[in-house]
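structure, please.
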Amino acid sequence: MAIAAHRTPPESAARSAAGERTGPAGRTLRALAAAHTVALFGQPVFAGVYLSGDYDALGWHAVGADTVTSLGYLQLVAALVCRVRLRRSWPLVGALAVAVAETVQYFAGLGGALWLHLPLGVATIAATVVLTIALWRTPLSPRRGARREDDRA
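Residues are numbered from 1 along each chain as shown. Next up is the predicted model:
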C-alpha cells in the first residue's frame with residue numbers, strides 16, 4: 001500500500017499576503033471585543049455572589065453593567081469605523097445586535113424583570129463570545145476592489 005505524499009498545508013488566510021493582515025481599525029475592534037467579553041463574564045459572577053447572600057455584590061453587578069454596556073457601545077463605534085474604512089459589514093451587524101440586546105437587558109435589570117434579564121444575559125454572553133471569536137479568526141483587511149467614496153472622484 002502506497003503512502004500518500006505529505007503536503008504542507010497552505011498558510012492561513014490571515015498571513016497569506018500583506019493585504020490580508022488586520023490593520024489598526026481591526027486590531028482596535030478586536031481589543032474592544034476581547035475586553036467586552038472579559039467584562040461580560042464578570043456579570044454572572046457578581047449576580048451569583050449577590051444571590052448567595054452578599055447584598056453588596058448587587059452594587060458590583062450595577063457597576064459591571066455600566067462597564068459592559070459602555071464597552072459594548074465602544075465596540076459598536078469601532079465596528080462602524082471598520083465598516084467605513086474596511087467595507088466590512090458583518091462586524092457592525094454583530095456589534096449592533098449585541099448592543100441592542102445589552103441595552104434591553106440593562107433596562108430589564110433596572111426594572112426587575114428577571115424573567116427577561118437572566119435568559120437575555122445568557123444569550124448575550126453566547127453571542128458576544130461567538131462575535132469575538134469570529135473577529136479574531138477573520139482577517140479584518142480592506143476588501144479588494146472596494147474604493148472609498150473620496151477616491152472615486
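
Gly111 - how many residues pack around it?
10 (other C-beta atoms under 10 Å). From N, CA and C alone the C-beta is placed, and that goes for glycine too.

what's it sitting at in phi/psi?
Gly111 has phi and psi values of phi -80, psi 0 when expressed as degrees, to the nearest 10.

any idea which helix is longest in the protein?
Counting residues, the longest helix found in the chain (DSSP state H) is helix 57-86.

that one - what's its average pLDDT?
Mean pLDDT, computed over helix 57-86, is 96.

next: stretch 133-141.
93.

can you list contacts of that stretch?
13-14, 19-23, 25-27, 29-30, 33-34, 82, 86, 88, 90-91, 94 (C-beta atoms under 8 Å, 6 or more residues apart in numbering).

that stretch: end-to-end distance?
Counting by C-alpha to C-alpha, to the nearest Å, you get 16 Å between the two ends of stretch 133-141.

any buried residues in that stretch, and which?
Judged by neighbour count (16 or more other C-beta atoms under 10 Å), stretch 133-141 contains these buried residues: Leu135, Thr138, Pro139, Leu140, Ser141.

what is the nearest of the residues you listed to Pro44?
Nearest to Pro44 out of the buried residues of stretch 133-141 is Leu135 (C-beta to C-beta; 22.2 Å).

does that closest one sit in a helix, a strand or a coil?
helix (DSSP: H, G, I helix; E, B strand; the rest coil).

ok, Gly53 next?
Under three-state DSSP, Gly53 comes out as coil.

run a quick neighbour tally on it.
7.

now, the buried residues of stretch 133-141 that are in helices?
Counting by DSSP H, the buried residues of stretch 133-141 contribute Leu135 to helices.

which of the buried residues of stretch 133-141 sits closest to Tyr55?
Distances from Tyr55 to the buried residues of stretch 133-141, taken by C-beta to C-beta, are shortest for Leu135, at 36.8 Å.
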